[in-house]
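Asks: Generate a structure from the sequence data that follows.
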Amino acid sequence: MRYNKLGQTDLLVSELCLGSMTWGTQNTASEGHEQIDMSLDHGINFIDTAEMYPVNPRSKETQGDTERILGQWISQSGRRQDIVIATKIVGKGYMDIREGAPISPATIDLALEASLRSLKTDYIDLYQLHWPNRGSYMFRQNWHYDASNQDSDEVLDHMTKVLHHLEKCRIDGKIRHVGLSNETAWGTMRWLQIAAAQGLPRMVSVQNEYSLLCRHFDLDMSEVTHHEKVGLLSFSPLAAGLLTGKYSGNTTPSGSRRSHVADLGGRISETVWPAIDAYLGIAAKHNLDPSQLAIAWTKSRPFMTSVIFGATTLDQLATAIGAADITLNSNILDDIAATYRRFPMPF
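Replies: Numbering: from 1, shown residues only. Purely as a prediction, here's the structure:
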């Protein structure tokens, strides 16, 4: 397993990160614990979670169970020092938590204390803002995203207040580093500029969706990460399972994510199926497992810090971990590049 620095810090995280959002719905606590053990046995030291997890489906009744399952593992194993924990505070509008209240110093206090209790830890290694209060073009909102109604002064004032409060949390020893999620190039740069000007915590990473089927990050955001050393933590590298081939032929396996969320978060479209077939064809041509092809390609990107993947079975987990040993040759990369030109935005 290869390890990368988290932003400009000295903290090393594995190039594969264990995602946890199925723990509490699609996976039991004991299954989640088995996933953690197996991941650590193969060199993964990085686990990503969030206060709103589990999902598929999301509900007020299960909200927070994923953090609690990870906390149970920490308490039972005594191996807190062996893992790097990333969690997130929800952004504005998620009604199941604090009735949709936006991120603010007050909600950070509530969310952080709840996460620390659930995780049974005194500190969180990476505390992330799940999405901006002002909105995001992620989650298929790119089709109607409009930033013209944003008040720049209001946004910058919010960022300044949040960074000052995160610095207090850092001084208190509750968090080590801070990061973004579902953020834009403009937003990322403003967070960095305010931090630099006022000596406040620097955002060390950004967690955005990135896969063979979703490549918004290749453009402005990749330039930001290159120059500013804010690494990408990519989520959904398998496009919610579409790139595994398990939905080939428009089938839906029992218990799969699609059995809970029919459109896979807006990823199902008329144009997605030929793109999937093309990438599955590349995997078959080069005798590769399609999941490993997708993850190996994602981790090879120059701006990548860690690829966050999820699994519901240990077999799926083993397949994903196996991608760490795969390097794609120039012929495979050429085939991927040609396919991308044919299907640049399939969902």
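Asks: you'd agree L110 is in a helix?
Replies: Yes - membership of L110 in a helix is supported by DSSP: H, G, I helix; E, B strand; the rest coil.
Asks: can you pull out the helices in the stretch 101-250 of the chain?
Replies: Assigned by DSSP state H, counting those that start in this stretch, the helices in the stretch 101-250 of the chain fall at 105-119, 152-171, 185-198, 220-228.
Asks: Turn those helices into JSON lines, columns for distance to T66.
Replies: Where C-beta positions appear, they are placed from N, C-alpha and C, glycine not excepted. What follows is the helices of the stretch 101-250 of the chain, written out as JSON lines (distance: least, CB to CB, whole Å):
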{"stretch": "helix 105-119", "distance to T66": "9"}
{"stretch": "helix 152-171", "distance to T66": "21"}
{"stretch": "helix 185-198", "distance to T66": "26"}
{"stretch": "helix 220-228", "distance to T66": "27"}
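Asks: Let me have those helices in CSV, adding distance to Q141 and mean pLDDT as columns.
Replies: Formatted as CSV, the helices of the stretch 101-250 of the chain follow (distance: least, CB to CB, whole Å; pLDDT from 0 to 100):
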stretch, distance to Q141, mean pLDDT
helix 105-119, 22, 98
helix 152-171, 17, 98
helix 185-198, 14, 98
helix 220-228, 16, 97
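Asks: Distance to A318 and mean neighbour count added to those, as TSV?
Replies: Below are the helices of the stretch 101-250 of the chain laid out as TSV (distance: least, CB to CB, whole Å; neighbours: other CB atoms under 10 Å):
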stretch	distance to A318	mean neighbour count
helix 105-119	26	18
helix 152-171	37	16
helix 185-198	35	17
helix 220-228	30	17
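Asks: and of these, who's closest to Y3?
Replies: helix 220-228 (17.7 Å; CB to CB).
Asks: Which elements pack onto the closest one?
Replies: helix 185-198, strand 231-234 (3 or more CB pairs under 8 Å, 6 or more residues apart in numbering; DSSP states H and E).
Asks: I'd like to know which of those lies nearest to D263.
Replies: With CB to CB as the criterion, D263 lies closest to strand 231-234 of these, at 21.1 Å.
Asks: buried residues in whichever helix or strand comes after the closest one?
Replies: Using DSSP states H and E, the next helix or strand after strand 231-234 towards the C-terminus is helix 257-260. Within helix 257-260, the residues scored as buried using 16 or more other CB atoms under 10 Å are 257-258, 260.
Asks: Adding distance to A111, write the helices and strands packed on helix 220-228 out as TSV.
Replies: Shown next, in TSV, are the helices and strands packed on helix 220-228 (distance: least, CB to CB, whole Å):
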stretch	distance to A111
helix 185-198	18
strand 231-234	19
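Asks: and the least confident helix or strand in the chain by mean pLDDT, how far out from the chain's middle?
Replies: Lowest on mean pLDDT, DSSP states H and E among the helices and strands of the chain sits helix 257-260, with a mean of 83. On the basis of CA atoms, centre = their mean, to the nearest Å, helix 257-260 sits 19 Å off its chain's mean C-alpha point.
Asks: Moving C-terminal from it, which element do we reach first?
Replies: Scanning forward in sequence from helix 257-260 by DSSP H and E, the next helix or strand is helix 272-285.
Asks: Now do the contacts for the residue nearest to T188 when sequence neighbours are not counted.
Replies: Using CB to CB, 6 or more residues apart in numbering and skipping residues adjacent in sequence, the residue nearest T188 is V224, 5.3 Å away. V224 makes contact with 185, 188-189, 230, according to CB atoms under 8 Å, 6 or more residues apart in numbering.
Asks: circling back to that earlier point, can you tell me what sits against the least confident helix or strand of the chain?
Replies: By CB under 8 Å, 6+ apart, the residues outside helix 257-260 that reach it are 25-26, 56-57, 240-241, 247, 252-253, 264, 268.
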